[in-house]
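Undergrad: A structural model of the following input is requested.
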Amino acid sequence: MRGRSRFRTAAAAATAALLCAGALSGCTAGEPAANGRAASSTSKPTPKPTSKPTPPWDVSPASVAAVGDSVTRAFDACSVLTDCPEVSWATGTDTTVNSLALRLLGPEKVATRSWNLARTGARMAELPEQMAGAAAERPELVTVMMGANDACRPTPDLMTPVADFRTSFETALARLRKGAPKAQVYVASVPSLMHLWSTGRVSPMGLEVWKLGICGAMLTDAEDLSAAADRRRAEVQDRVVAYNRVLSEVCAKDELCRYDGGAVFGFRFDDGQLSPWDFFHPSRDGQARLAELAYRRITKE
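TA: Numbering: from 1, shown residues only. Here you go, the predicted structure:
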């Protein structure tokens, strides 16, 4: 009897070893079987995390709020030292400009479905407050054109630090998202102040007007071509480039934000597209060009 028992035990062990050797999953030597059967080592595959779908961009928003500075207020576009919002590239009603709001909404809805909250002279530090005002209107699109005044200080050392510029812009987008989480945002780049200097400095009248103190960091002593003047202007232009980098980077983190890709910075305003009173701000024609650039970017599928 004992011989038979030892034989049965050895046979069972040999059979288990053969089964383990042929199985896809390994067996652990000496591991007891549950209820007389080998424990399964097959594991369930780890589910892949599902990514949140990117909200689709609406190429025909039904309302527009504009925030920014004197460019969006169309300062000096109609008469000297005054805002002229009716020819604003963003929300104007003048058909010769054909503003963004006119193109998107049509003339019958511009008055009730668009808001111009920009302020002449504003710098980026003011944008959070403007964005909060825009959010209160619950627009489907918000346009942003801000930053030129941060570089256009009396001297380069007074320009807004890049870190402060970034913080203000991030705060502004957060304010908008708090009140209008689904609003789309179009961000225009800061124009090239170096190009504006090179275009306006050939105008005798422009040179006289600039002496009144317009954008001193770039335009002071506009005829001075010395190495020191070149370095000063280059410092201002470098700051504008840095501001545009911030606008691009911060906007890229918001899935409902579109930066213009440097379109406004790269646009070469000629003398006919600059104000005949200050040779710096966009004229009616310049405003029309800004509207065209914005419309092209916003309606791109």
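
Undergrad: Which stretches in the stretch 151-300 of the chain count as strands?
TA: With DSSP state E, counting those that start in this stretch, the ranges of strands along the stretch 151-300 of the chain come out as 184-187, 257-259.

Undergrad: Does anything pack onto the last one? Which helices or strands?
TA: If you count contacts as 3 or more Cβ pairs under 8 Å, 6 or more residues apart in numbering; DSSP states H and E, strand 257-259 packs onto strand 184-187, helix 227-252. Using the backbone N, CA and C atoms, a C-beta is placed for each residue, glycine as well.

Undergrad: Out of those, flag the one nearest residue 213.
TA: Between residue 213 and the helices and strands packed on strand 257-259, the shortest separation by Cβ to Cβ is 14.9 Å, and it involves helix 227-252.

Undergrad: now that closest one, how far from the centre of its chain.
TA: On the basis of Cα atoms, centre = their mean, to the nearest Å, helix 227-252 is displaced by 16 Å from the centre of the chain it belongs to.

Undergrad: which helices and strands sit right next to that helix?
TA: So helix 227-252, by 3+ Cβ pairs under 8 Å, 6+ apart, packs with helix 148-151, helix 162-179, strand 184-187, helix 193-200, helix 216-219, strand 257-259, helix 263-266.

Undergrad: quick check: angle from it to helix 162-179?
TA: Relative orientation of helix 227-252 versus helix 162-179 (axes from the mean of the first three to the mean of the last three Cα atoms, to 10 degrees): 30 degrees.

Undergrad: Next, count neighbours for the closest residue to residue 265 other than its chain neighbours.
TA: Among residues not flanking residue 265 along the chain, residue 189 sits closest, at 4.1 Å (Cβ to Cβ, 6 or more residues apart in numbering). Around residue 189 sit 24 other residues, with neighbours defined as other Cβ atoms under 10 Å.

Undergrad: Does residue 189 touch residue 247 like I think?
TA: Yes: with the criterion set as Cβ atoms under 8 Å, residue 189 and residue 247 qualify as a contacting pair; they are 6.4 Å apart.

Undergrad: Find the residues that touch each one of those two.
TA: Common neighbours of residue 189 and residue 247 are listed as residue 259 (criterion: Cβ atoms under 8 Å, 6 or more residues apart in numbering).
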